[in-house]
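Asks: Curious how this folds, go ahead:
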Amino acid sequence: MQRIPWNTIAIGSLLLISAGLRGGQDVQSPQSEQLKPPVEAVQRGRILGIGGVFFKSAARDQMREWYSKHLGLADKGGGAMLPWREHDDPQKEHVTVWTVFPNSTEYIPATQPFMVNYIVDDLDAFLDRLKQEGVKIDAKRMDESYGRFAWIYDADGNKIELWQPASVKP
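Replies: Residues are numbered from 1 along each chain as shown. I've put the predicted structure just below:
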């Protein structure tokens, strides 16, 4: 039988006595406090999720057919719609659009094989912050019945689309 050192028994006893004196309340170690995520105020102008994935193909129709047949992503012209809900607010439903563009599209720069669209909660606040951070922002804007759009460029010069859906109010 293994002997337990006296100091281990003493520390354990003190913890039990301390817990008893506190009326049986849970005693948390300082380490458990460090593991908790910090409480943050919700900042406007943040990404909520991926709004779309767009890529180019020389054989657009065949590529759409392949993805439909093998992966179930049926794109009949407007893109395959993949619904999802926000983690922090499951009542809010969004959609990620997946679609194939022809190689000749001007929507995705010729230097890029694909482009990602991010859903944002407040396009103006997001763009203001990015401008202050020195991010390259395209001057073009697009307002549609289903939302507002803007474009930025990453450090490699890849075009990124930002979308504030009409259903998301700042």
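Asks: Now do the same for Arg64: helix, strand or coil?
Replies: helix (DSSP: H, G, I helix; E, B strand; the rest coil).
Asks: so it touches Asp75, yeah?
Replies: Yes: assessed by CB atoms under 8 Å, Arg64 is found in contact with Asp75 at 4.8 Å. Placement of C-beta: from N, CA and C, glycine included.
Asks: Could you tell me which residues touch both of these two?
Replies: The contact sets of Arg64 and Asp75 overlap at Val100 (CB atoms under 8 Å, 6 or more residues apart in numbering).
Asks: Could you pull out the helices in the chain for me?
Replies: Here the chain has its helices, by DSSP state H, at 6-21, 30-35, 60-71, 123-132.
Asks: elements contacting the third one?
Replies: Helix 60-71 makes packing contacts with strand 93-102 when contacts are defined by 3 or more CB pairs under 8 Å, 6 or more residues apart in numbering; DSSP states H and E.
Asks: Alpha carbons of the strand it packs on, as CSV, please.
Replies: What follows is strand 93-102, C-alpha atoms only, in CSV (Å, rounded to 0.1, in the frame of the first residue of the first chain):
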residue,chain,number,x,y,z
GLU,A,93,-31.2,32.0,-40.2
HIS,A,94,-28.8,32.7,-43.0
VAL,A,95,-27.8,31.0,-46.2
THR,A,96,-24.5,30.3,-47.8
VAL,A,97,-24.6,30.4,-51.6
TRP,A,98,-22.3,28.0,-53.5
THR,A,99,-22.0,28.5,-57.3
VAL,A,100,-19.9,28.0,-60.3
PHE,A,101,-19.1,30.9,-62.6
PRO,A,102,-17.8,30.6,-66.2
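Asks: Now do that strand against helix 60-71, angle only.
Replies: Here the directions of strand 93-102 and helix 60-71 differ by 130 degrees (axes from the mean of the first three to the mean of the last three CA atoms, to 10 degrees).
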